[in-house]
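*Asks:* this one's sequence-less:
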């Protein structure tokens with residue numbers, strides 16, 4: 001039974017949206033909000049890159065079942081357009097294998113797992129090319145994954161598209177279409193093949209500023225495999241110290257997340273924690289350092 005749980009958990013790393021998001025860390029900023037913010041976070045919607053300054057980021061991530069890794073990313077101006085690059089990984093060599101009647105003291109053995117991802121994203125502000133007053137920003141992301149589970153290895157690549165529409169000074173709307181043209185190779189395990197499919201994920205979200213712009217509420221809805229995934233978070237927007245709370249719910253699943261960030265002279269220190277309410281697999285946490293260049 002525990003071996004099957006481990007398989008399901010590792011499969012979740014192969015996705016960046018939908019129900020599988022519950023285990024994807026990427027960085028502390030995303031983890032603290034329970035991966036909420038289609039209209040706010042550039043990790044979830046590539047069009048949001050257009051609202052960010054140039055920066056470099058490093059995140060140290062600790063996930064379920066002693067999996068750990070890092071994400072390194074930077075945003076720069078390339079050919080007069082904002083471009084985002086990132087590399088991330090998760091791995092462990094001490095994943096235990098249990099039988100049908102597992103004993104915590106006597107696993108049948110151990111196996112190693114890893115997950116690597118490369119990402120390139122850009123945003124396109126339509127106002128730069130057309131004389132319109134729509135305040136629409138588009139974005140695209142190309143992502144490639146390489147992962148190993150037990151004795152099986154697989155790779156995949158796909159395209160995500162995003163849109164951000166500024167409705168007024170308080171409200172932004174975001175939309176994403178993920179997993180377009182999803183391709184996979186070298187998948188030999190039937191359990192992996194059955195779970196890693198080409199289904200397109202649709203998501204919409206809103207971000208609304210409150211309390212004289214000192215805080216904001218973000219709410220997202222994803223549609224995947226005929227199921228609705230609901231997310232919500234609240235973020236503060238103070239000059240130096242900020243906090244975030246988040247929640248994801250679908251079916252019988254619920255989680256709770258929190259985080260805080262400290263901004264000092266262009267340096268941003270972020271901590272994120274996600275409670276899965278399951279002590280057997282642990283709770284993901286992450287520390288992130290961001291250097292902003294203005």
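*Replies:* Cool, the structure landed. Worth saying up front: this structure is predicted, and the values here are computed from it rather than measured.

*Asks:* only C-alpha atoms from now on, for both contacts and neighbour counts.
*Replies:* Fine.

*Asks:* what's stretch 285-294 in contact with?
*Replies:* With contacts defined as CA atoms under 8 Å, 6 or more residues apart in numbering, stretch 285-294 is touched by 25, 27-29, 31, 53-63, 266-274.

*Asks:* show me which residues of that stretch are buried.
*Replies:* Of all the residues in stretch 285-294, those buried under the rule 16 or more other CA atoms under 10 Å are 285, 286, 287, 288, 289, 290, 291, 292.

*Asks:* among the contacts of stretch 285-294, name the ones in helices.
*Replies:* Within the contacts of stretch 285-294, residues falling in helices by DSSP state H are 28, 29, 31.

*Asks:* of those, closest to residue 157?
*Replies:* residue 31 (23.1 Å; CA to CA).

*Asks:* related to what we said a few turns ago, buried among the contacts of stretch 285-294? Make that a ChimeraX selection.
*Replies:* Buried members of the contacts of stretch 285-294, defined by 16+ other CA under 10 Å, are picked up in ChimeraX with:
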select :25,27,28,29,31,54,55,56,57,58,59,60,61,62,63,268,269,270,271,272,273,274
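
*Asks:* name the nearest residue to residue 26, sequence neighbours excluded.
*Replies:* residue 71 (6.1 Å; CA to CA, 6 or more residues apart in numbering).

*Asks:* burial of the one you found, as a residue count?
*Replies:* 21 (other CA atoms under 10 Å).

*Asks:* what sits against it?
*Replies:* Contacts of residue 71 (CA under 8 Å, 6+ apart): 26, 27, 57, 58, 59, 60, 61, 86, 87, 88, 89.

*Asks:* in strands, which of those residues fall?
*Replies:* Judged by DSSP state E, these include 57, 58, 59, 60, 61, 86, 87, 88, 89 as members of strands.

*Asks:* which among the residues you listed gets closest to residue 160?
*Replies:* For the ones in strands among the contacts of residue 71, the nearest to residue 160 is residue 86 (14.8 Å; CA to CA).

*Asks:* tell me how far that closest one lies from residue 42.
*Replies:* 12 Å (CA to CA, to the nearest Å).

*Asks:* ok, now residue 163?
*Replies:* From residue 163 to residue 42 the distance is 11 Å (CA to CA).

*Asks:* higher neighbour count, these two?
*Replies:* Taking neighbours as other CA under 10 Å, residue 163 and residue 42 compare with residue 163 leading, 24 against 21.

*Asks:* quick one: what helix or strand has the closest residue to residue 56 other than its chain neighbours in it?
*Replies:* Using CA to CA, 6+ apart and skipping the chain neighbours, the partner closest in space to residue 56 is residue 74 (4.1 Å). Residue 74 belongs to strand 68-78 when assigned by DSSP states H and E.

*Asks:* quick one: average pLDDT of that strand?
*Replies:* For strand 68-78, mean pLDDT rounds to 93.

*Asks:* tell me the contacts of residue 126?
*Replies:* Residue 126 touches 132, 135, 136, 137, 138, counting by CA under 8 Å, 6+ apart.

*Asks:* okay if I get those residues as CSV plus distance to residue 229 and secondary structure?
*Replies:* As requested, these are exported to CSV (distance: CA to CA, whole Å; DSSP: H, G, I helix; E, B strand; the rest coil):
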residue, distance to residue 229, secondary structure
132, 34, coil
135, 28, coil
136, 25, strand
137, 25, strand
138, 23, strand
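
*Asks:* sounds good, over and out.
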